[in-house]
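Enquirer: no sequence for this one, just the structure:
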Ligand SMILES: [Fe+2]
């Protein structure tokens, strides 16, 4: 007699299981899926019985698939931080700062970024390059006309136009991070993933990625939704001299293709053709002269000249080194009026998807582009 069939439950749908990972090819991981289908304008404009309307409705993302943008133009970057007074007398006049940790981050109160002179703006670039990430409290940025906020950021370089973002109507240079009130996709995400951590430097696949970068909160949960930053200059210095020497001269491919493919796969837009570019694995900061690791699992794909297994092995070590280095991390908490400024050249960051009350999270990023990454000669052990 033939044995009884052991499995009486419905069979797992292998095709569906396969599709789950196909949409997140390589190491690219989407914890914060955004698109027209996830922006609930009814809830955002009118509110619900539980949640108020969006505080800044003119900053809601719009997704127009009919508008296409051309490739970004190369330009000569001017590094204003090189002109800065290292005592920060213009930037910090009348204000105070305190360090967030021993290795990265500061918090500044008592100054208004929007009122800075050009000398103060130069010092801002240098201060942020030294601290890596700085939270400026009680700012009026969100209340400025959007064009004024963009003009402020464009002092540092031309705005990046994100290939796959929604933007406030008429302002494609503003990148939005937005989760509608009552959005419960967080629960869906954790059905398939154990954490929401996605370490990255913003849009490192561009040939001239951003430098001094601004993110300000418009609306957010009372607790949670923090942003975690890592100091990649300390991460580099923590490696042995022999290991640093091996990294010297290596280059890696950074790709925006997976991000664009994922956007299309969930029915969202791609408004500029995705690109990939090759950057040094270790880059030198133009103001401080510090070297920093420049790899991230979201966008770095392959070390040039290495075989795939060799490349995967070394990149995984570097990703783990950065992710595990809690002694060179800072967790930045958002408060109403907070503007966080970081130097995208020497940091990695990740959002944290941990609030469960369905509260709206809405932030705007201003993303001036900077120089093409470069590495100066190896100087030996320091
Ligand atoms: Fe980011």
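Expert: Arrived safely, thanks for sending. Here the structure is a predicted model, which is why all the values come from computation and not from measurement. Numbering: from 1, shown residues only.

Enquirer: paired strands for the top strand by length along the chain, with orientation please.
Expert: Ordering each strand of the chain by length in residues (DSSP state E) puts strand 212-219 first. If you go by DSSP bridges, strand 212-219 pairs up with strand 339-343 (antiparallel), strand 361-366 (antiparallel).

Enquirer: among those strands, which is the most enclosed?
Expert: Among the strands paired with strand 212-219, ranked by average contacts under mean count of other CB atoms under 10 Å, first place goes to strand 339-343 (a mean of 27). For every residue, glycine as well, the C-beta is placed using N, CA and C.

Enquirer: pLDDT on it, on average?
Expert: Rounded to a whole number, the mean pLDDT of strand 339-343 is 98.

Enquirer: neighbouring contacts of it?
Expert: With CB atoms under 8 Å, 6 or more residues apart in numbering as the test, strand 339-343 has contacts from 113, 124, 128-129, 132-136, 139, 141, 211-216, 227, 229, 285, 332, 334, 349.

Enquirer: try stretch 261-272
Expert: Contacts of stretch 261-272 (CB under 8 Å, 6+ apart): 23-25, 28, 30, 33-37, 63-65, 67-72, 161-166, 172, 260, 274.

Enquirer: and the end-to-end length of it?
Expert: The first residue of stretch 261-272 is 12 Å away from its last residue (CA to CA, to the nearest Å).

Enquirer: mind listing what's buried in it?
Expert: 261, 262, 263, 268, 269, 270, 271, 272 (16 or more other CB atoms under 10 Å).

Enquirer: what of stretch 323-341?
Expert: For stretch 323-341, a neighbour-count test (16+ other CB under 10 Å) marks 323, 325, 328, 329, 330, 332, 334, 338, 339, 340, 341 as buried.

Enquirer: need these in a markdown table (columns: secondary structure and distance to residue 108).
Expert: Output for the buried residues of stretch 323-341, formatted as a markdown table (DSSP: H, G, I helix; E, B strand; the rest coil; distance: CB to CB, whole Å):
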| residue | secondary structure | distance to residue 108 |
| --- | --- | --- |
| 323 | helix | 27 |
| 325 | coil | 24 |
| 328 | helix | 20 |
| 329 | strand | 19 |
| 330 | strand | 14 |
| 332 | strand | 12 |
| 334 | coil | 15 |
| 338 | coil | 10 |
| 339 | strand | 10 |
| 340 | strand | 11 |
| 341 | strand | 9 |
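
Enquirer: which stretches of the chain form helices?
Expert: 14-22, 41-46, 118-131, 146-154, 185-192, 232-237, 241-247, 257-265, 308-324 (DSSP state H).

Enquirer: just the strands in the stretch 51-200 of the chain please.
Expert: 96-99, 106-109, 133-136, 174-179 (DSSP state E, counting those that start in this stretch).

Enquirer: comparing those strands, which yields the minimum mean pLDDT?
Expert: strand 174-179 - the lowest mean pLDDT of these, at a mean of 94.

Enquirer: what's that strand in contact with?
Expert: Identification of contacts with strand 174-179 by CB under 8 Å, 6+ apart yields 32, 34, 38-39, 59-61, 146, 149-150, 159-160, 162, 165-168, 185, 215, 351, 360-367.

Enquirer: repeat the analysis, applying 6 Å as the threshold.
Expert: The contact list for strand 174-179 (CB atoms under 6 Å, 6 or more residues apart in numbering) reads 61, 162, 165, 166, 167, 168, 361, 362, 363, 364, 365, 367.

Enquirer: just these now: which is nearest residue 78?
Expert: Each of the contacts of strand 174-179 was scored against residue 78 by CB to CB, and residue 367 proved nearest at 16.5 Å.

Enquirer: burial of that closest one, as a residue count?
Expert: As a burial measure, residue 367 scores 27 neighbours (other CB atoms under 10 Å).

Enquirer: picking that back up, okay if I get the buried residues of stretch 261-272 as a markdown table plus pLDDT and distance to residue 252?
Expert: Conversion of those to a markdown table gives the following (pLDDT from 0 to 100; distance: CB to CB, whole Å):
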| residue | pLDDT | distance to residue 252 |
| --- | --- | --- |
| 261 | 89 | 20 |
| 262 | 86 | 21 |
| 263 | 87 | 23 |
| 268 | 87 | 27 |
| 269 | 89 | 28 |
| 270 | 92 | 23 |
| 271 | 92 | 26 |
| 272 | 93 | 22 |
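
Enquirer: for residue 200, state which of the residues you listed is nearest.
Expert: Of all the buried residues of stretch 261-272, residue 200 sits closest to residue 262, with 13.7 Å by CB to CB.

Enquirer: report the contact partners of the most centrally placed residue in the chain.
Expert: Centroid-nearest residue in the chain, with CA atoms, centre = their mean: residue 202, separated by 4.1 Å. Neighbouring residues of residue 202 by CB under 6 Å, 6+ apart: 210, 344.

Enquirer: can we start the residue count at 43 from this point?
Expert: Fine by me, first position is 43 from now on; the one you just mentioned is residue 244.

Enquirer: where's it relative to residue 336, distance?
Expert: Distance of residue 244 to residue 336, computed by CB to CB, to the nearest Å: 12 Å.

Enquirer: kindly report the same for residue 146.
Expert: To residue 336, residue 146 is 16 Å away according to CB to CB.

Enquirer: ditto for residue 295
Expert: In this view, residue 295 and residue 336 are 12 Å apart by CB to CB.

Enquirer: higher neighbour count, these two?
Expert: The residue with more neighbours, out of residue 295 and residue 336, is residue 336; 26 against 16, by other CB under 10 Å.

Enquirer: leaving out the residues flanking it, which one is nearest to the more buried one?
Expert: residue 325 (4.4 Å; CB to CB, 6 or more residues apart in numbering).

Enquirer: that neighbour bridge partners, please.
Expert: Here residue 325, judged by DSSP bridges, has bridge partners residue 334.

Enquirer: picking that back up, go through the contacts of strand 216-221 and say which is closest to residue 264.
Expert: residue 403 (11.2 Å).
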